[in-house]
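Enquirer: A predicted structure for the sequence below; I have some questions about it.
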Amino acid sequence: MLTVAALYHFTRFADPAALRPGLVQACADAGVKGSLLLAGEGINGTIAGPRAGIDAVLATIRALPGCADLIHKESFAETLPFRRMKVRLKREIVTMGQPDIDPRARVGNYVAPQDWNALIAAPDVAVIDTRNAYEVAIGTFQGAVDPGTATFRDFPDWWQANKDRFHNKRIAMFCTGGIRCEKSTNYLLGQGVEDVYHLQGGILKYLEEVPAEQSLWQGECFVFDDRVSVGHGLVPGPHTTCRACGRPLTEAQRQHPHFEQGVSCDACLPEYTDADRARFRERQRQMALAAARGEPHLGQ
């Protein structure tokens, strides 16, 4: 059984690029794969590997400036859900595009998973899902508002266009692991919203700790690795990924006439040209050839 660790931490890195080589080496030495993002505002990512390897990499991350109290969330997988290790430099560890946002200054009130149901059931609370529309489509909390955003960058504009809907309401927000809500709650506080709450540890912590029979969660939770989705107890769900657009797919969607393995699904067919799909077909062919040889394919 392999350990999957999801993590983020907001801190000030004076020179994120200088931290990258050490992290790359630590992950390689530990046999860990996944993705880590470094920016001036901190670190974010998900890694997977053997228990000892994950512990070693987490120790390396906690030794970085300001990261001693980093909190991570764990789940487990039978097979490695990542094919390689990537440590990338970014302008933001979760992109909102609002230069004045600083979660280190203040955020909304954290709500433990065990207390979340009572909060979102209150009549004066509006519950907002801060994730992208394709994530919301496969699962969300009962009664949650779906902003229908394509990216997290769209959230501020959506709020400005819809804020009057939430007059005299307390706002409760949630996301996959909690990182988006660090920024979205800071943003709403800066807009003058006084009563702002967010689910501590995100959906993943809720699904881990709240029994299914007590849950207000409906559906599956999208995750950014080869598991694609998880349910209660963080058990991998039934979804696979469209290799063209990255959207999660059910078995019924894979039976749609517009679905072609590695090339298209019904949702993304209008988004790509015939030339794009020709490239995707060639990539899929090369992947099949690599699999037949028993070799990994870097384009996967």
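Expert: Great, that's in hand.

Enquirer: my guess is residue 29 contacts residue 52. True?
Expert: No: Residue 29 is beyond contact range of residue 52, at 11.0 Å (criterion: Cβ atoms under 8 Å). Using the backbone N, CA and C atoms, a C-beta is placed for each residue, glycine as well.

Enquirer: contacts for stretch 11-21?
Expert: Residues from elsewhere that reach stretch 11-21, judged by Cβ atoms under 8 Å, 6 or more residues apart in numbering: 38-43, 64-67, 87, 89, 104.

Enquirer: just the buried residues of these.
Expert: Neighbour counting over the contacts of stretch 11-21 (16 or more other Cβ atoms under 10 Å) leaves 38, 39, 41, 42, 43, 64, 67, 87 as the buried ones.

Enquirer: now the fifth one: which helix or strand?
Expert: Remark: residue 43 resides in strand 42-49, with elements defined by DSSP states H and E.

Enquirer: what's the first helix or strand after that strand?
Expert: Following strand 42-49 toward the C-terminus (DSSP H and E): helix 51-62.

Enquirer: so what touches the helix or strand just after that following helix?
Expert: Once the chain leaves helix 51-62, the next helix or strand it forms, by DSSP H and E, is strand 72-77. By Cβ under 8 Å, 6+ apart, the residues outside strand 72-77 that reach it are 1-7, 48, 54, 58, 177, 201-202, 204-205, 208, 227, 230, 234, 236.

Enquirer: next, the contact list for residue 148, please.
Expert: 133, 158.

Enquirer: kindly report the same for the one 3 residues further on.
Expert: Residues in contact with residue 151, defined by Cβ under 8 Å, 6+ apart, are 95, 132.

Enquirer: ok so, going back, turn the buried ones among the contacts of stretch 11-21 into CSV, columns for distance to residue 214 and pLDDT.
Expert: Converted to CSV, the buried ones among the contacts of stretch 11-21 look like this (distance: Cβ to Cβ, whole Å; pLDDT from 0 to 100):
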residue, distance to residue 214, pLDDT
38, 38, 98
39, 37, 97
41, 36, 97
42, 33, 98
43, 33, 98
64, 37, 98
67, 34, 98
87, 39, 98
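
Enquirer: mind picking the two most distant members of those residues?
Expert: The span of the buried ones among the contacts of stretch 11-21, defined through Cβ to Cβ, is set by 41 and 87 at 15.9 Å.
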